[in-house]
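>>> Dropping a prediction and its sequence here:
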Amino acid sequence: MDLKNGLKFLVCILIIAIFSYITWFGQLFGIDIPGVRDIRLGIDINGGIDTTLFAVKDDGSKPTRNELEVAETIINRRLDNLNILDRDVTIDPDNGSIIVRIPWKPDEKDFNPQKAINELGKMALLTFQEVDESKLDENGNPLPTGKIIIQGTDVVDAKPQPSPRGGMEVQLELTAEAKKKFADATARLINQRIAIFMDDIFISAPVVQTHIPDGNAVITLGNRDMKTATQEAKELADTIKSGALPFRLEPKQINSISPMMGKGALTIMIQAGIIAFLLVCLFMVVFYRLPGVVACFTLLGQTVGQLLAIAWPGITLTLPGIAGIVLSIGMGVDANIIVNERIKEELRSGKTLHASIEAGFDRAFSAVFDGNLTVLIAAIILYVFGTGQILSFAYSLGTGVILNFVTGIYLPKIMVKSISKTGIAQKRWLYGA
């Protein structure tokens, strides 16, 4: 029985150790797994780029404020889809431009602003156009004719999928009005091509085989390397799905942004965090002894769990995000203190060790649950209605609170109950009584 419970305790320690290893080294058994070094740091910590995107309309007119606001919303949506939560997107109606600031990628080495701006996706206008077979380029591909059937603003959704003719394609869901336009065009252009362009860049030109009354529009990427085609289809679908711009945007005046804090300040914050963690562990061990040691391991598990929850989906970590991590770890310490104090009270009342541990966790659960639930609700509201750095704070706080339910209650309960049944850990003194 002692061996079984001792193994259960060691398995919990081993799981925490494995996740800690992954977090720090970013791999396991030679398999690359996003870790702390792959976390994208915000502009306030690591700097980024600043670019001005100028609107270019085919008729040469100046975009209205409403059109710029639509484009601003689309860019923000794209950045949200990329989990770039630290950014600044503002419009300048006087110049007909949009100013965008985003942080560097975590693996950035040459810090090339022009390369970094490509992450925003194609700042282009998607169009389906009629083809003039007398106007072809040197490769036999159609040139833009200006006879637009539908365009990107007519698209509701876009999904990448394998093409029945080989390769990949992007399936488009159109608005009701666009479906009618596309149906009319396919009825009129049977055995002719419809060309698809991103601005003036040719994408594909499928031949209309039959009338398509349901508006089943497809962008065919053709037969090419499957991995490349799959990636291109996904990127194109994501760009279209996040919103089609009402005009082209040309990036100009691209500059690097220096971090407000700098990596030196980040190093100091990390050192301060490590010292604070060690002091908290010392406090827990002195006051609660064996359960305090368990709390140190579970708090480590919560910390690495939060860092992995940020690294794996590529969430941007900002200063407010770090504050969310610290706040949730503080709540984790609070949960452990509540539980351990209840265990001490039960022991002092004369109950047996096992009964005290069981009662301590059971009676502390409601207080810990209520406190975490209310904070989780606040984090969800901030995440749903917030944007930019507020999202970073809400995400790190929310994931930390969710982990508190595991590392503050469930995991310590398993570890304390299992170790208390071994011969070396049955003295009441080890539990603070």
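Alright, I've got the coordinates.
>>> Next up, the contacts around residue 26.
Each residue near residue 26 by Cβ atoms under 8 Å, 6 or more residues apart in numbering is listed here: 32-38. Any C-beta I mention is one placed from the backbone N, CA and C, and that applies to glycine too.
>>> cool, and residue 52?
Residues in contact with residue 52 (Cβ under 8 Å, 6+ apart) are 92, 95, 97-100, 251-253.
>>> Mind doing that once more with 10 Å?
By Cβ atoms under 10 Å, 6 or more residues apart in numbering, residue 52 lies in contact with 92, 95, 97-100, 249-255.
>>> who wins for neighbours among those?
residue 249 (26 neighbours; other Cβ atoms under 10 Å).
>>> State the distance from that residue to residue 63.
As judged by Cβ to Cβ, to the nearest Å, residue 249 and residue 63 stand 10 Å apart.
>>> Identify the contacts common to the two.
With Cβ under 10 Å, 6+ apart, residue 249 and residue 63 have common neighbours 54-56, 71, 97-98.
>>> among those, which are in helices?
residue 71 (DSSP state H).
>>> Quick check: of the shared contacts of residue 249 and residue 63, which lies closest to residue 132?
For these, the closest approach to residue 132 (Cβ to Cβ) belongs to residue 56, at 23.4 Å.
>>> picking up where we left off before, tabulate the contacts of residue 52 (TSV), appending secondary structure and pLDDT.
Putting the contacts of residue 52 into TSV (DSSP: H, G, I helix; E, B strand; the rest coil; pLDDT from 0 to 100) gives the following:
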residue	secondary structure	pLDDT
92	strand	90
95	coil	87
97	strand	88
98	strand	89
99	strand	89
100	strand	89
249	strand	78
250	strand	80
251	strand	81
252	strand	78
253	strand	78
254	strand	80
255	strand	81
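>>> ok, so of the residues you listed, who is nearest residue 344?
Nearest member of these to residue 344, counting by Cβ to Cβ, is residue 100, at 55.4 Å.
>>> Please name the residues that touch the closest residue to residue 87 other than its chain neighbours.
Of all residues not flanking residue 87 in the chain, residue 102 sits nearest, at 4.8 Å (Cβ to Cβ, 6 or more residues apart in numbering). When contacts are counted by Cβ under 10 Å, 6+ apart, residue 102 touches 40, 42-43, 48-51, 75, 79, 82, 84, 86-89, 116-117, 119-120, 257, 316.
>>> helix/strand/coil for residue 102?
Per DSSP: H, G, I helix; E, B strand; the rest coil, the local secondary structure of residue 102 is strand.
>>> low-scoring pLDDT stretches of this structure, where are they?
Of all residues in the chain, those with pLDDT under 70 make up the ranges 1-3, 58, 109-125, 199, 222-225, 238-246, 260-265.
>>> Which helix runs longest in it?
Using DSSP H, we find that the single longest helix of the chain is helix 353-385.
>>> in the stretch 1-150 of the chain, which spans are helices?
With DSSP state H, counting those that start in this stretch, the ranges of helices along the stretch 1-150 of the chain come out as 2-25, 43-46, 65-81, 113-117.
>>> just the stretch 151-300 of the chain next, same as before
176-188, 226-242, 263-288, 290-311.
>>> Out of the contacts of residue 52, which is nearest to residue 164?
Here the nearest of those to residue 164, counting by Cβ to Cβ, is residue 249; it sits at 34.6 Å.
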